[in-house]
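J.: just need the structure, nothing else, for what follows:
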Amino acid sequence: MAFVLAVTGPGDPHLEHQGSHLELPIRPRRESDQELRPFERAESSQPQSAEALEPPAYKRVVERDDRLGESRLTVIDDTGMTRLTELGWEHGSVSRQNYSIRDGDPNSGKIDLHWTMRFRRPDADLDIRTETRSRLTSTRTEFLFTAEMDVYEHEKKTYSKTWSRSFARNLN
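T.: Numbers count the residues shown, from 1 in each chain. A predicted model of the protein is given here:
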């Protein structure tokens, strides 16, 4: 299924469905199918025992500023912290997503994402955190993308990288 966000001018964004198609091969039935044995029950490992160290949290806020003509959506998704009991591996993440746009100006649309991931294993003196931030905006002719990543070991920054890219818009 394909959707395209079309913007031909200020105040004219619309969603167009481009159609969908799925083709799967079909094997014709045969007389010999009667001799096939049925599939056995699916096999999988036992789930690991885990304990919650910090509870998860989820928050979604929609805001409207009529004075500025701006709509905003904020989503915070915190998985909490979980310990895999047998391994002592602790992990969790928090994502903060901010979306905004002003009336009549499709190029004012902005997406800001901030993602924190945490990994710890106290018995192995392992404590790692990553912080990523990214932003997507646009002009009439380009999409503008920036991103930053910082890595911390025991709260000391050990790696940092920044990206900045622009991509031509194809409005045809």
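J.: give me the low-pLDDT residue ranges for this protein?
T.: By pLDDT under 70, the low-scoring segments of the chain are 1-19, 172.
J.: residue ranges of the strands in it, please?
T.: In the chain, strands defined by DSSP state E lie at 2-7, 13-19, 50-54, 57-65, 70-84, 89-102, 105-121, 126-138, 142-153, 156-168, listed in chain order.
J.: just the angle between the longest one and strand 50-54, please?
T.: This points to strand 105-121. 120 degrees (axes from the mean of the first three to the mean of the last three C-alpha atoms, to 10 degrees).
J.: who does strand 105-121 touch, helix- and strand-wise?
T.: Helices and strands touching strand 105-121, by 3 or more C-beta pairs under 8 Å, 6 or more residues apart in numbering; DSSP states H and E, are strand 89-102, strand 126-138. Bear in mind the C-beta positions are built from the backbone N, C-alpha and C, glycine included.
J.: one step back: out of the strands of the chain, which is closest to Glu35?
T.: Nearest to Glu35, of all the strands of the chain, is strand 13-19, at 41.5 Å by C-beta to C-beta.
J.: was I right about Val62 contacting Val75?
T.: No - the pair Val62 / Val75 is not scored as a contact, 9.8 Å apart, by C-beta atoms under 8 Å.
J.: looking at those two, which has the bigger crowd around it?
T.: Shown here are Val62 and Val75; by other C-beta atoms under 10 Å, Val75 has more neighbours (15 against 10).
J.: ok, the nearest residue to that one once chain neighbours are set aside - contacts?
T.: Nearest residue to Val75, sequence neighbours excluded (C-beta to C-beta, 6 or more residues apart in numbering): Gln97, at 4.3 Å. Shown in contact with Gln97 (C-beta atoms under 8 Å, 6 or more residues apart in numbering): Leu73, Thr74, Val75, Ile76, Asp77, Ile111, Asp112, Leu113.
J.: swap in Glu148?
T.: Per C-beta under 8 Å, 6+ apart, neighbours of Glu148: Glu131, Thr132, Arg133, Ser134, Ser160, Lys161, Thr162, Trp163.
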